[in-house]
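Student: Build me a structure from this.
(chains A, B, C and D)
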Protein chains: 2
Amino acid sequence: MTALPKPEAEAARGAAPAGRNLLFLREEELRLAQDLLFFGYRDFTAGADAILAELGMGRAHHRVLHFVGRRPGITVGELLGILAITKQSLGRVLTPLVDEGYVTQETGRSDRRQRLLSLTPKGAALERRLYDRQRETVMAAYREAGPQAVEGFRRVMRGLMGRDARAALARLEAKDGEAVP
Amino acid sequence: MTALPKPEAEAARGAAPAGRNLLFLREEELRLAQDLLFFGYRDFTAGADAILAELGMGRAHHRVLHFVGRRPGITVGELLGILAITKQSLGRVLTPLVDEGYVTQETGRSDRRQRLLSLTPKGAALERRLYDRQRETVMAAYREAGPQAVEGFRRVMRGLMGRDARAALARLEAKDGEAVP
DNA sequence: CGTAATGGGTCAGCATCGTTGACGCTTTTC
DNA sequence: GAAAAGCGTCAACGATGCTGACCCATTACG
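Tutor: Numbers count the residues shown, from 1 in each chain, chains lettered A, B, ... in the order given. Here you go, the predicted model:
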């Protein structure tokens, strides 16, 4: 347990002194959560961002590579649902990825309107490079925190997610062919 | 190259890991971490983003309100160090916040070059509104996950942070006047 | 069979938030 | 008195979102 809350600090800054320390504790807990999420997420993405920048790409490209890699054969519509962005926003990232040979589009067999997306070897290689970079960061954090902390981390992150995100994640985790309503 | 089976998904959900599935398990663990951070962070910020959008502001405004609220009297330089953005990027967000009466600038007493930033009542009110919105999300996740999970979450998030972020966080958590080198 | 709906692509324009580079002003330090 | 530090600002650019409006191919349906 590091960094216990400091009621004196708040008192010094002109808030209520004693008595409602319980409330303060919660307040400080949540402030800390905000800080942790800001700093943690930023540094989690920093490594991959640096690699992407060298290639003239951004985080949005990585997201596409990641989710296409996770679900080869995913349709454009499904990808839009996961990313929760507009078709136009996706297009600006996806089209160059296809043009430059990172992603392939294959016409759907059962529905020929669909474009099934997959990574090319080139795309898979880049995705792995980005993955490996983030892997270092995450593995270091996991090792440092311990397995029990990892489980807690997962539970809290899952709890932060809304209905749609949970459904999307369930679909991602599901085995192929397994129905997830 | 379509519809690969996903043994790692199965293993990750508790089936007996056969042979060298350990490697797969790690891979799937990290893929899951990437997903959780993406979805979790997005939904964590979604509520506040909606409020900000109504006011013609963005996430960057929130960050300023948050950190100025956390350290009243913070200098511009310190804020830049925390946010890790350029002076120009901060300026585009900070200047309007000052002009519209959310943040005050006070000339430093010991060093008159400094501009000490604080929230006005108006700024504090908005910051609290944003805080309350995120509070709902985080408290729900915390309750759902349980106190032990919360501790684990904190440990992992802290582990994701790099040196600079850890130092910045330590400074934020420190009592006023307490030296943090 | 013909029309409507769906999946996907694209053009045009706009906003936010980040960047670099360059300059100017005030104040402190040496 | 000159150098350095803290801050502000102009200009231009890039990545990532958004809306609105169309278009095309294909599928679904009456």
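Student: Which single residue in chain A comes nearest to DNA strand C?
Tutor: A:G77 (2.7 Å; Cβ to the nearest atom of the strand). For the C-beta atoms, the positions are set from N, CA and C on the backbone; glycine is no exception.
Student: Look up the closest residue to that residue, ignoring the ones flanking it.
Tutor: Distances taken as Cβ to Cβ, 6 or more residues apart in numbering or on different chains put A:Q114 closest to A:G77, at 7.6 Å, once the chain neighbours are dropped.
Student: again with A:A140
Tutor: Using Cβ to Cβ, 6+ apart, the closest residue to A:A140 is B:G159 (6.4 Å).
Student: Check which residues of the helix or strand containing the one you found are buried.
Tutor: Remark: B:G159 resides in helix B:147-160, with elements defined by DSSP states H and E. Buried residues in helix B:147-160, counted by 16 or more other Cβ atoms under 10 Å in any protein chain shown: B:149-160.
Student: near DNA strand C at all, the one helix or strand A:D35 maps to?
Tutor: Using DSSP H and E, A:D35 falls within helix A:21-54. No. Judged by Cβ under 7 Å from any atom of the strand, helix A:21-54 makes no contact with DNA strand C; its nearest approach is 9.1 Å.
Student: in that helix, what counts as buried?
Tutor: For helix A:21-54, by 16+ other Cβ under 10 Å, it's A:24, A:27-49, A:51-52.
Student: Those residues also near chain B: which ones?
Tutor: Subset of these in contact with chain B: A:29-44, A:46, counting by Cβ under 8 Å from any Cβ of the partner chain.
Student: Would you point out which residue is most central in chain A?
Tutor: Nearest residue to the geometric centre of chain A (Cα atoms, centre = their mean): A:R63, 8.1 Å.
Student: Wasn't that one part of a strand?
Tutor: No. Counting by DSSP: H, G, I helix; E, B strand; the rest coil, A:R63 falls outside a strand, being helix.
Student: contacting residues around the closest residue to it other than its chain neighbours?
Tutor: Among residues not flanking A:R63 along the chain, A:L83 sits closest, at 6.1 Å (Cβ to Cβ, 6+ apart). By Cβ atoms under 8 Å, 6 or more residues apart in numbering or on different chains, A:L83 lies in contact with A:63-64, A:67, A:90.
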